[in-house]
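K.L.:
What follows is a predicted protein model with its sequence.
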Amino acid sequence: MIRRIHMEIALLATCALLLCSGCTQQPVQAAAEGGLPGVKIPVGPIPGPQMEFKMPTNPYEENSVAMEEGRRLFVWYNCYGCHGGHAGGGMGPSLRGPVWIYGGDPAHVFASIAEGRGKGMPSWGTKIPQDQIWKLVAYIETLGTPQEPDAPHVAPDPQVKEKK
C-alpha cells in the first residue's frame, strides 16, 4: 500500500513537472527599450525542407547621415577597443575583410552585435537600441569603400622615394 502511494506521488510529480516545463517556454522580452528584436536569423544551413526566409534589411542602408552616426557610435560604445580604431582588428577580428565567421550581410552583422557570439563578442541587444545597432551596421558596411566616414590614412613610407 505504501509503495503504491509513493508510485502515485512520483507519477503526479512527473506529470506536474511536464506540465510546468511547457509553461516556461515563453520568449524572453528585451529589458531595454528597442532591444533585441524577435526575429531569429539563421547562421548556417537549416535542416528540413527548404523554406523561403526573408532576412531583415537595414533601414539605414545608403543613408550617409546614419553611416556617420554609426562611426560615432562605434567610438562611443568602445567597439574600437576590440576591433581596432578603424575596425582593422585587434583583440577582436577585423571588420574590414571579406571573411565573416557568422555571415557578413547586414542581418547577420546585426545579429552578431545584438546576440553576441562565442569567444568574446558580448551581446549588446539589451543595452544598445535597435536603431543604433542598425546605424553601426550601416557604418560597418562602408568599411573599405569610398563612402567610409573617417577612413584611415596611410602614412607615406619614408623608405620609398617619390619620383620627380
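P.N.:
That came in fine, so what should we check first?

K.L.:
Show me which residues of stretch 68-85 are buried.
P.N.:
Neighbour counts using 16 or more other Cβ atoms under 10 Å place E68, E69, G70, R71, L73, F74, Y77, C79, Y80, H83, G84 of stretch 68-85 among the buried residues. C-beta: built from backbone N, CA, C; applies to glycine.

K.L.:
Filter these down to the ones in helices?
P.N.:
For the buried residues of stretch 68-85, membership in helices holds for E68, E69, G70, R71, L73, F74, Y80, H83, with DSSP state H as the criterion.

K.L.:
Excluding covalently adjacent residues, which one is nearest to the fourth one?
P.N.:
When the adjacent residues along the chain are set aside, R71 lies closest to P149, with 4.4 Å between them (Cβ to Cβ, 6 or more residues apart in numbering).

K.L.:
quick one on the thing from earlier: can I get the buried residues of stretch 68-85 in a markdown table including distance to I101 and pLDDT?
P.N.:
What follows is those, written out as a markdown table (distance: Cβ to Cβ, whole Å; pLDDT from 0 to 100):
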| residue | distance to I101 | pLDDT |
| --- | --- | --- |
| E68 | 28 | 96 |
| E69 | 26 | 97 |
| G70 | 21 | 96 |
| R71 | 23 | 95 |
| L73 | 22 | 97 |
| F74 | 19 | 96 |
| Y77 | 21 | 96 |
| C79 | 17 | 95 |
| Y80 | 20 | 92 |
| H83 | 14 | 94 |
| G84 | 17 | 92 |
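
K.L.:
Out of the residues you listed, the closest to G118 would be?
P.N.:
Ranking those by separation from G118, with Cβ to Cβ as the measure, puts H83 on top at 16.4 Å.

K.L.:
ok, for that closest one, nearest residue in space, not its chain neighbours?
P.N.:
Distance criterion Cβ to Cβ, 6+ apart; nearest residue to H83, sequence neighbours excluded, is G92 at 4.6 Å.

K.L.:
can you tell me which residues contact that neighbour?
P.N.:
Residues in contact with G92 (Cβ atoms under 8 Å, 6 or more residues apart in numbering) are C82, H83, G84, G120, M121.

K.L.:
Thank you kindly, that will do.
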